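# the amino acid sequence is not available; the structure is as follows:
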């Protein structure tokens, strides 16, 4: 794709009226709208709206669907991705009670025989409040609530079960859970697979993992999967054999029987990619050394390996 | 965020020269550039470039870093996400040999005692070719190569190990691996957790999971994680206990001892959200019934549950 084409394509879409039209169509229950209804909602004359709609059809963004005497307009399948990226994310609407009840019911079946439905529902609701309130998550809040609740319930189950045959658990904690702890966890997961269980948390979680972090990891072939920033909770600390803090030592409660490490590293979240790469390589060498200490086969990396 | 603000902010960034400036700065090894060098690379006069750079500084997109007599410009930390979204993704550059060797070395340590380094390297290189060639993946190709290779090596290990104590494995196959199979796998994973192993593939994989699919799943609190479209390979079929095909029956090889199901469903990839939701609910009911047949506790959903 050429930069100039991108710019021209985006400019057609960035007219405020056209953006509102796309937003109204996207949000309508069946994904389509009539010009008359758009005009009413926008408080504009119908010919004005028709003109904008025609531009969007010509540009391949909208599709005409004649139906009897009416013509419906919907987002063209090829343009759906582009339009979704341009529209502002939904306001921080909390997940509805209905969705939270549904998640609680689904996870109660998943954890049947381990936790009561009441315990599962309490964790789902609390996880939702923590992500919406503490981590300011706005995109995909329902599904991240579910993922966070599962992670915490897994930790709780592990805490209550006897250790021993289970793989060791490592918890990485930094401030935003968007940089250092995500790099460490992604590299450890990549190198160790199922042989170590990894979790992450932040003392003041950001709303998303930074794109420079995702890129720096991708450059060395390390996937980050569906990870997201989340606050530090008690049960994930209790479930861990090793807790690694990075810039947030005071925020992490100390429980007996766990090993605590503190790694001094700059926060890559606000640094340019070149510095992020240096921090990534530093973390990689530390993760490899940690794996060796845990008795997990890992490549030797960092200064000593060169 | 307001639609009008978004439009204004984007318009400042969509001037073709300014986009090129941002691209040059982003791609420079240390993430910063001098106006003189930018002017040379753009073939423009220095005052012209200075003018554009000043606009970007005023808009909070670039940051000035005076150093001696020179002034360096870099992307402002707050603007990094916005800029990355506007720049066109890198051309379909294949991952370098260096990165593939690194991934092969990392995964050889992970699979030590299970597979030889030669086998691991062969799977890494083949997975890269399949994703770059068949699935047209361009974003995050190195890390997706690694994730795909791990998935295939896990399947190969499972195929060679005796079944029995392991959880049952289900493979969902559709055409693009961007809609139906991703919905089915995400819901099954959400409901069953570790009690069932799930994989997906497509006979003609798309380049990414559609955003309408991610949204329809999010609405019912089902995370999709780091899933991505990938072609159908032999070892994932062999590793499965149940293979569910959706619109791609002929493409899937038949091996004895596996159970084959064919689910007739419209392809949601090109449908509006309202229709995607109907297909999602249909798939959910089928997944719950399948889990019950596998002896895995699952909520009852669909027509009969209402």
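Cool, got the structure. Just so we're clear, the structure is a prediction, and the values are computed from it rather than from any experiment.
# how distant is stretch A:26-33 from the center of its chain?
Distance, stretch centre to chain centre, for stretch A:26-33: 26 Å (Cα atoms, centre = their mean, to the nearest Å).
# average pLDDT for it?
Taken as a whole, stretch A:26-33 carries a mean pLDDT of 78.
# what's in contact with that stretch?
Stretch A:26-33 is contacted from outside by A:24-25, A:65, A:72-75, A:83-84, A:87, B:272-274, using Cβ atoms under 8 Å, 6 or more residues apart in numbering or on different chains. (C-beta placed from N, C-alpha, C; glycine too.)
# now do the buried residues in it.
A:26, A:28, A:31-33 (16 or more other Cβ atoms under 10 Å in any protein chain shown).
# could you list the low-confidence segments of the stretch 1-150 of chain A?
A:1-12, A:14, A:29, A:81, A:85, A:87-94 (pLDDT under 70).
# need phi/psi at the residue of the stretch 1-150 of chain A found nearest chain B.
Nearest residue of the stretch 1-150 of chain A to chain B: residue A:31, at 3.0 Å (Cβ to the nearest Cβ). Main-chain dihedrals, residue A:31, degrees, to the nearest 10: phi 70, psi 20.
# one step back: adding secondary structure, write the buried residues of stretch A:26-33 out as JSON lines.
Below are the buried residues of stretch A:26-33 laid out as JSON lines (DSSP: H, G, I helix; E, B strand; the rest coil):
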{"residue": "A:26", "secondary structure": "helix"}
{"residue": "A:28", "secondary structure": "coil"}
{"residue": "A:31", "secondary structure": "coil"}
{"residue": "A:32", "secondary structure": "strand"}
{"residue": "A:33", "secondary structure": "strand"}
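# closest one to residue A:297 out of these, please.
residue A:26 (49.3 Å; Cβ to Cβ).
# tell me which residue is most central in chain A.
Centroid-nearest residue in chain A, with Cα atoms, centre = their mean: residue A:228, separated by 3.7 Å.
# give me the nearest residue to that residue, chain neighbours excluded.
Nearest in space to residue A:228, with sequence neighbours left out and distances taken as Cβ to Cβ, 6 or more residues apart in numbering or on different chains, is residue A:144 at 5.3 Å.
# was I right about the one you found contacting residue A:137?
Yes: contact criterion Cβ atoms under 8 Å: residue A:144 and residue A:137 qualify, at 5.8 Å.
# quick revisit: residues contacting the residue nearest to the centre of chain A?
A:135, A:137, A:144, A:147-148, A:208-209.
# could you look up the SS state of it?
Quick answer, by three-state DSSP: residue A:228 is coil.
# can you pull the phi/psi pair for it?
Residue A:228 adopts backbone torsions of phi -150, psi 150, taken as degrees, to the nearest 10.
# one step back: show me the common contact partners of residue A:144 and residue A:137, please.
Common neighbours of residue A:144 and residue A:137 (Cβ under 8 Å, 6+ apart) are A:131, A:228.
# return the residues of the stretch 151-300 of chain A in contact with chain B.
Selection of the stretch 151-300 of chain A residues close to chain B by Cβ under 8 Å from any Cβ of the partner chain yields A:190-193, A:195, A:208, A:210-212, A:214-215, A:217-227, A:269-274, A:297-299.
# how does it look with 6 Å?
Residues of the stretch 151-300 of chain A lying near chain B by Cβ under 6 Å from any Cβ of the partner chain: A:191, A:193, A:211, A:218, A:221-223, A:225-226, A:270, A:272-274, A:297-299.
# re earlier: could the contacts of residue A:228 go into a markdown table alongside neighbour count, secondary structure and distance to residue B:99?
Formatted as a markdown table, those follow (neighbours: other Cβ atoms under 10 Å in any protein chain shown; DSSP: H, G, I helix; E, B strand; the rest coil; distance: Cβ to Cβ, whole Å):
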| residue | neighbour count | secondary structure | distance to residue B:99 |
| --- | --- | --- | --- |
| A:135 | 24 | coil | 32 |
| A:137 | 23 | coil | 32 |
| A:144 | 24 | helix | 30 |
| A:147 | 23 | helix | 29 |
| A:148 | 24 | helix | 32 |
| A:208 | 20 | coil | 25 |
| A:209 | 23 | coil | 21 |
